[in-house]
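>>> Output the structure for:
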Amino acid sequence: MQNRLTAANSLPDDADQALLVGRVWLPGDHPGPTPCLVRDGLVRDLSHAGATMAMLLEHAHLASLVGDVEHFPILAELEPVLANSAEDARDPAVPHFLAPCDLQAVKASGVTFVSSMLERVIEEQAGGDPSRAEETRQKVTAIIGDDLAEVRPGSPQADRIKEVLIDQGAWSQYLEVGIGPDAEIFTKCQPMSAVGTGAEIGIHPISHWNNPEPEIVLAVNSQGVTVGATLGNDVNLRDVEGRSALLLGKAKDNNASCSIGPFIRLFDDRFTIDDVRRTEIDLTIEGPDGYRLDGSSSMAMISRDPLDLVGQAIGPNHQYPDGFMLFLGTMFAPTEDRDAPGGGFTHKLGDIVTIASARLGRLVNRVNHSDRIAPWTFGASALMRNLTERRLI
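A predicted model of the protein is given here:
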């Protein structure tokens, strides 16, 4: 996977104009993570501006601070650090990139696109059985249709549709959060557990029907201010959640089941929330058997505005003193058969998943079973000890 992790393949198309921050693991006497700035082919140390990414994103004038590039010492050249981020060929004596967040809560918005909302309904009706998916899909769309994209969640029109579908016995908990007033906001994974570009991503070995979920991820500080955006893979077990929505935790939160990166692009006068609203996201899955799947989605199709989702996640009733990362949801739910007719899509071990956006770069990961990937051991306590040893706090 090393040949995929180059500056040309990983950075935004306009990288020379982008403020890109991330986290890099530094070897040495006290090896540990450091916030960094990626610019002009170099990786620079931001640790004295913020010992953690959560601290860094609290700066009131963050873009101006980080824009003063020469103020921050050089850690390494970019290309070897990117290449060493490939987990299957990593040299422990060379730095590598991590997920660009640390102490922030990692939250996710569900059912924010009509196409994926209908697939959630189908999973529910099929009871998590992929062999029943196509038959169920035809029945569900015959009743619900596929024209819900114009319905504004929580509107009087949405209420009328709800009444009709209840009368027809077709209402679903997924429709409730898809077109109802309240968004689904759930915890994707624990702080410090997300993996970055080049790492393996985990599928629970009990799953036989699963898929990637390519998404935009917003970086939000403790005041509820959205300061930047990145890419994410909300790895999903369709069969597990389809059995019961109460198994969402098992379907979503497993070892290495959350990938974020490669870097957070900070908002400035060249990149704003409006650019996020217009973002096109591309997905490529390349299998070890020669299989290839290409897909794309547009944030213009989202049913709830990104900042509305942020507002539903944080406010008087829910605070995040270390800030949070917010997945905005996906419209990608692959339905084409990979193996047997009617079996739909599911991952195979060794699949390489690339999530790309012209303004945010490319996030690349390889699929493995979650129990075969190195266990997560470096949590918040380890981070605090490490920063103390390095005299950064």
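>>> my hunch is that residue 49 is in a helix, does that hold up?
No. Under DSSP: H, G, I helix; E, B strand; the rest coil, residue 49 falls outside any helix and is assigned coil.
>>> show me the contacts for residue 183.
Residue 183 makes contacts with 109-110, 112, 153, 177, 304, 308-309, 312, as judged by CB atoms under 8 Å, 6 or more residues apart in numbering. All C-beta atoms are positioned from the backbone trio N, CA, C, and that covers glycine.
>>> Show me where the protein has its helices.
Here the chain has its helices, by DSSP state H, at 7-10, 53-56, 62-67, 78-83, 114-126, 133-144, 156-167, 173-179, 238-243, 248-252, 273-277, 306-313, 380-389.
>>> quick one: which of these is nearest residue 192?
Residue 192 lies closest to helix 380-389 among those, at 5.8 Å (CB to CB).
>>> Dump that closest one to PDB, keeping only the CA atoms.
Provided in PDB are the C-alpha atoms of helix 380-389 (Å, rounded to 0.1, in the frame of the first residue of the first chain):
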ATOM      1  CA  ALA A 380      -6.200   9.200  26.900                       C
ATOM      2  CA  SER A 381      -4.200   8.100  30.100                       C
ATOM      3  CA  ALA A 382      -1.300   7.000  28.000                       C
ATOM      4  CA  LEU A 383      -1.400  10.300  26.100                       C
ATOM      5  CA  MET A 384      -1.300  12.300  29.300                       C
ATOM      6  CA  ARG A 385       1.700  10.300  30.600                       C
ATOM      7  CA  ASN A 386       3.500  10.700  27.300                       C
ATOM      8  CA  LEU A 387       3.000  14.400  27.100                       C
ATOM      9  CA  THR A 388       4.200  14.800  30.700                       C
ATOM     10  CA  GLU A 389       7.400  12.800  29.900                       C
END
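>>> buried sites along it?
383, 386-387 (16 or more other CB atoms under 10 Å).
>>> quick one on the thing from earlier: right, and the helices of the chain - which one's nearest residue 20?
Here helix 62-67 is closest among the helices of the chain (CB to CB), at 9.0 Å.
>>> what helices or strands is the closest one leaning on?
Where contact means 3 or more CB pairs under 8 Å, 6 or more residues apart in numbering; DSSP states H and E, helix 62-67 is packed against strand 258-266.
>>> by contact count, what packs against the strand it packs on?
Counting by 3+ CB pairs under 8 Å, 6+ apart, the packing neighbours recorded for strand 258-266 are strand 20-26, helix 62-67, strand 226-234, strand 361-369.
>>> mind redoing it with 6 Å?
Strand 258-266 is packed against strand 20-26, strand 226-234, strand 361-369, with contacts defined by 3 or more CB pairs under 6 Å, 6 or more residues apart in numbering; DSSP states H and E.
>>> For that strand, give me every contacting residue.
Around strand 258-266, the neighbours that count as contacts under CB atoms under 6 Å, 6 or more residues apart in numbering are 10, 18-22, 38, 63, 99-100, 188-189, 194-197, 201, 217, 219, 228-230, 232-233, 271, 360-361, 363, 365.
>>> quick one: low-confidence parts of the stretch 51-200 of the chain?
Under the criterion pLDDT under 70, the flagged ranges of the stretch 51-200 of the chain are 114-126, 128, 133, 135-137, 139-151, 161, 164-165, 168, 170-171.
>>> ok, now which ones touch the residue lying closest to residue 219 once chain neighbours are set aside?
In space, and not counting its chain neighbours, residue 219 is closest to residue 228: 4.5 Å by CB to CB, 6 or more residues apart in numbering. Taking CB under 6 Å, 6+ apart, we find residue 228 in contact with 219, 264-267.
>>> what's the closest of those residues to residue 6?
Closest to residue 6 out of the contacts of residue 228 is residue 265 (18.3 Å), distances taken as CB to CB.
>>> What residues sit buried inside stretch 35-50?
By 16+ other CB under 10 Å, the buried positions in stretch 35-50 come out as 35-39, 42-47, 49-50.
>>> Most widely separated two among these?
Spanning the widest gap among these are 42 and 50, at 18.6 Å by CB to CB.
>>> Tell me which residues touch the most far-flung residue of the chain relative to its centre, please.
Note on the chain: the largest C-alpha distance from the chain mean falls to residue 167, namely 36.6 Å (CA atoms, centre = their mean). Residues near residue 167 by CB under 6 Å, 6+ apart: none.
>>> re the thing from before, tabulate the helices of the chain (TSV), appending distance to residue 369.
Shown next, in TSV, are the helices of the chain (distance: least, CB to CB, whole Å):
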stretch	distance to residue 369
helix 7-10	26
helix 53-56	29
helix 62-67	38
helix 78-83	25
helix 114-126	21
helix 133-144	23
helix 156-167	38
helix 173-179	27
helix 238-243	14
helix 248-252	14
helix 273-277	33
helix 306-313	31
helix 380-389	25
